[in-house]
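Asker: kindly generate the corresponding structure for this input.
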Amino acid sequence: MSAEVSLPTFEDRAAMWETLDFPEHSWAHPCVDEYVNALRPRYANGSVLFHSFRIPEHPIFEWYLTRQLHDSNFFEKFWSTPTPSRFFQSANPALNYYASHGEQSIFGHESPFLLAGSLAWIHFSGGAYSRSQGLGVLSKHLGDAAANELLEDDFEDTLCFKSYAPWSDFFLDVAWDYTIIVISKKRRLIHCMLATDTD
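Answerer: As a prediction, the model looks like this:
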């Protein structure tokens, strides 16, 4: 099948998701580590996850990656592929409802130019019992550094998505549910951060 010419069919997508996997990507990310470690105590009654994965070579997935990722069922299927499912074990059931009802807005596009601000705001706003007074500069520093490490100065070939929805059983569905997904098409990497808290 030619990824440049042919429109994938439903059968093409189904066959792709039967075999596709996204291997874990281990890399040194001290700024992301610092950010996540600073966020966890602010989500004291919840949890924060961060994991990275490699994008495999696959002509059908490539077709969607260069066009409209939502149409590939990525946001429904990615979490239950073999390797990601080890890290996001409860990520499938609730998402199936949203995906089957066409709720693409659950994962909205985020400009890579705004990623640092989103990370800073998540840290600054904190969880249920966090105090934010006096943390503005620290939150901005942590968000800027983590975003720079994730983007690696690539603003043209990086896709970012953000969600505030409790799309998975991981989330506590109160008021502090966040998902950030950063996809580097050039480096063929997917970075995922999930955070949730409750009062």
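
Asker: quick one: least confident helix or strand in the protein?
Answerer: helix 93-100 (a mean of 54; mean pLDDT, DSSP states H and E).

Asker: quick one: Leu194 and Phe88 touch, right?
Answerer: Yes - Leu194 is within contact range of Phe88, at 7.3 Å (criterion: C-beta atoms under 8 Å). C-beta here means a position set from N, CA and C on the backbone, and glycine is covered the same way.

Asker: those two: which is more packed in?
Answerer: Leu194 (24 against 20; other C-beta atoms under 10 Å).

Asker: got the contact list for the more buried one?
Answerer: Residues near Leu194 by C-beta atoms under 8 Å, 6 or more residues apart in numbering: 47-49, 88, 168, 170-171, 178-179.

Asker: export those to JSON lines and tack on distance to Tyr64, pLDDT and secondary structure?
Answerer: JSON lines is the format used below for the contacts of Leu194 (distance: C-beta to C-beta, whole Å; pLDDT from 0 to 100; DSSP: H, G, I helix; E, B strand; the rest coil):
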{"residue": "Ser47", "distance to Tyr64": "30", "pLDDT": "93", "secondary structure": "strand"}
{"residue": "Val48", "distance to Tyr64": "29", "pLDDT": "95", "secondary structure": "strand"}
{"residue": "Leu49", "distance to Tyr64": "25", "pLDDT": "95", "secondary structure": "strand"}
{"residue": "Phe88", "distance to Tyr64": "20", "pLDDT": "86", "secondary structure": "coil"}
{"residue": "Ser168", "distance to Tyr64": "22", "pLDDT": "85", "secondary structure": "coil"}
{"residue": "Phe170", "distance to Tyr64": "25", "pLDDT": "89", "secondary structure": "coil"}
{"residue": "Phe171", "distance to Tyr64": "26", "pLDDT": "91", "secondary structure": "coil"}
{"residue": "Tyr178", "distance to Tyr64": "25", "pLDDT": "94", "secondary structure": "strand"}
{"residue": "Thr179", "distance to Tyr64": "19", "pLDDT": "94", "secondary structure": "strand"}
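
Asker: give the buried subset of the residues you listed as a PyMOL selection command.
Answerer: Selecting only the buried entries of the contacts of Leu194 in PyMOL, with 16 or more other C-beta atoms under 10 Å as the criterion:
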select buried, resi 48+88+168+170+171+178+179
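
Asker: and the contacts of Leu194, which is closest to Asp144?
Answerer: Lowest distance from Asp144 to the contacts of Leu194 (C-beta to C-beta) belongs to Tyr178, with 17.6 Å.

Asker: contact partners of the biggest helix by length in the chain?
Answerer: If you go by DSSP state H, the chain has its longest helix at helix 136-151. Contacts to helix 136-151, defined as C-beta under 8 Å, 6+ apart, come from residues 29-32, 34-35, 38, 112, 115-124, 132, 158, 182, 184, 191.
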